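In: return a 3D structure for these sequence lines:
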Amino acid sequence: MERIEFINPERIAWCCADRRITPGELATEVGIGAATIDAVLNGQGGLTFNQLSKIATYFGRGVLFFLEPGPVNDELIHSPAFRTLAGQKPELSGKMKALIERVERQRDVYVSLREDLDSAQLPEFVPPDIPKDDIQLAARIVRDWLELGDINTFDSYRHAVESRGVLVFKSNGYGGKWQIAKDSPILGFSIYDESCPVIVVKKQDWESRQSFTLMHELGHIILHRDSSIDDEQDMSSYQGQEREANAFAGHLLVPDWLLAQVDDGIRPAEASEYDRWLAPWRRSWGVSGEVILRRLLDDGRLPRRQYEAYRQWSKTQRVEQDDGGSRLYRHREPKHIFGEYFVRAVLDSLSARNISLARASSYLDGLKINDLHKLERFYAGI
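Out: Below is the predicted model of the structure:
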């Protein structure tokens, strides 16, 4: 089979360094002999088009990227938002970097589809005016802007945010290109854009914890007009912009009039009993016990030692995770990952014949054509 000899080895080496993998690991990932990869990097060999396509797909680049002469210009390859996130967490894994780039491409797809549809049902992001020096008031204004009621779940919070022009993606719980690894401390990230920001929330053991991540990231978008990537430490930080995003999320999810419903008179002595004590409010508001306790702490109604005791206890609690499960409802997975408005944009574009079935499938996580038709019928209520 004919081989392509004029491959730029610097670009393969740059991609390996950018993703924090060795050439040997690349060879294993794409199923090409390590000796073949080494020969190309040394300028002494070539690759078949199929082999080069595998490498290009793995790195999320086009084949021509590896045929162009000259070194890589990082500022042309990575967006400002990507560089912001990578700068905040220099230790980001190659898979996390790949996910960020994948999310950016999906956002661009959505914006393009929305423009072609010119649909009033696909909202643009127009945030409310808020005071930057009063986080509590800002949270109250945004809660009204989202039109939230007193009873919520993660899904209702997500829908409210999406209805205001912010895409909300949720990572898969099982392995795949849309998963944030279970052992990763990253809980979520946001990519700021004036017309269509996007928030990515890691699937967690309790959906109520996802609610706080969602609103924390919304805080970065609304308050700071910037991209951010956050781990477990950031979600409990008392410093800088993380402190502001945490306070914003807490006041938005549990405003004062809801916090007043919590009965301190029946608070148990043991931190291990706090979730039981807070259960009625946790279920109604769709938040974790820690969110309520953090609000009580900041409001001067809970001693710090008791809050910290709860945090230590909660770290010992584990929920068994489902590593896969039935794929009977595979056709609904794109909605769980990309959200209501993204899926509707793809299906409406397909219906308007703006895109092909193959293109729609590629936008919806490689959904098979049969499953894509099932998804169409699901949205049509058939």
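
In: for the chain, which helix is longest?
Out: In the chain, assigned by DSSP state H, the helix with the most residues is helix 94-117.

In: got a list of what the closest residue to I32 other than its chain neighbours touches?
Out: Residue nearest to I32 in three dimensions, not counting chain neighbours: Q51, with 5.3 Å by C-beta to C-beta, 6 or more residues apart in numbering. Where you see a C-beta, it was placed from the backbone N, CA and C, and this is true even at glycine. Listed by C-beta atoms under 8 Å, 6 or more residues apart in numbering, the contact set of Q51 reads V30, I32, T36.

In: now swap in L252 and tell me
Out: A139, R140, V142, R143, M215, L218, G219.

In: repeat that for 6 Å
Out: Counting by C-beta atoms under 6 Å, 6 or more residues apart in numbering, L252 makes contact with A139, V142, R143, M215.

In: how close does the second one sit to R359?
Out: V142 sits at a distance of 36 Å from R359 (criterion: C-beta to C-beta, to the nearest Å).

In: picking that back up, just the contacts of Q51: which are in helices?
Out: V30, T36.

In: top of the contacts of Q51 by number of neighbours, please.
Out: The residue in the contacts of Q51 with the most neighbours, by other C-beta atoms under 10 Å, is I32 (19 neighbours).

In: and that one, what pLDDT?
Out: We have a pLDDT of 95 for I32.

In: can we start the residue count at 29 from this point?
Out: Right, with 29 as the first residue, what we last looked at is I60.

In: from memory P155 sits against I250, does it?
Out: Yes: the pair P155 and I250 qualifies as a contact (C-beta atoms under 6 Å) at a distance of 5.5 Å.

In: which of the two has more neighbours?
Out: Set P155 next to I250 and count neighbours by other C-beta under 10 Å: I250 wins out with 26 against 18.

In: so who does the more buried one touch?
Out: P155, V170.

In: one more pass at 8 Å, please.
Out: Contacts of I250 (C-beta under 8 Å, 6+ apart): P155, I158, A166, V170, F276.

In: follow-up on the earlier one: and V170 and R387? Which one has more around it.
Out: Taking neighbours as other C-beta under 10 Å, V170 and R387 compare with V170 leading, 23 against 14.

In: quick check: which element contains the more buried one?
Out: helix 163-174 (DSSP states H and E).

In: now the lowest-mean-pLDDT helix or strand in the chain: buried residues?
Out: Among the helices and strands of the chain, helix 102-105 carries the lowest confidence by mean pLDDT, DSSP states H and E, at a mean of 89. Neighbour-count burial for helix 102-105 flags I105 (criterion: 16 or more other C-beta atoms under 10 Å).

In: do stretch 399-410 as well
Out: For stretch 399-410, by 16+ other C-beta under 10 Å, it's D399, L400, K402, L403.

In: distance of the second one relative to R142?
Out: By that I understand L400. 20 Å.

In: ok, I49 next?
Out: Taking C-beta to C-beta, one finds I49 at 35 Å from R142.

In: which one's more surrounded, these two?
Out: Neighbours per residue, other C-beta under 10 Å: of I49 and R142, the larger number sits with R142, 22 against 19.

In: report pLDDT for the more buried one.
Out: pLDDT at R142 comes out at 94.

In: grab the most central residue of this structure for me.
Out: V228 (1.5 Å; C-alpha atoms, centre = their mean).

In: surely that residue is in a helix?
Out: No: checked against DSSP: H, G, I helix; E, B strand; the rest coil, V228 lies outside a helix; its state is strand.

In: thought it was touching E132?
Out: No: contact between V228 and E132 fails when scored by C-beta atoms under 8 Å: they sit 10.6 Å apart.

In: common neighbours of these two, please.
Out: I219.

In: what are the ranges of the helices in the stretch 129-278 of the chain?
Out: Remark: helices assigned in the stretch 129-278 of the chain by DSSP state H, counting those that start in this stretch are 163-174, 182-190, 235-247, 268-281.
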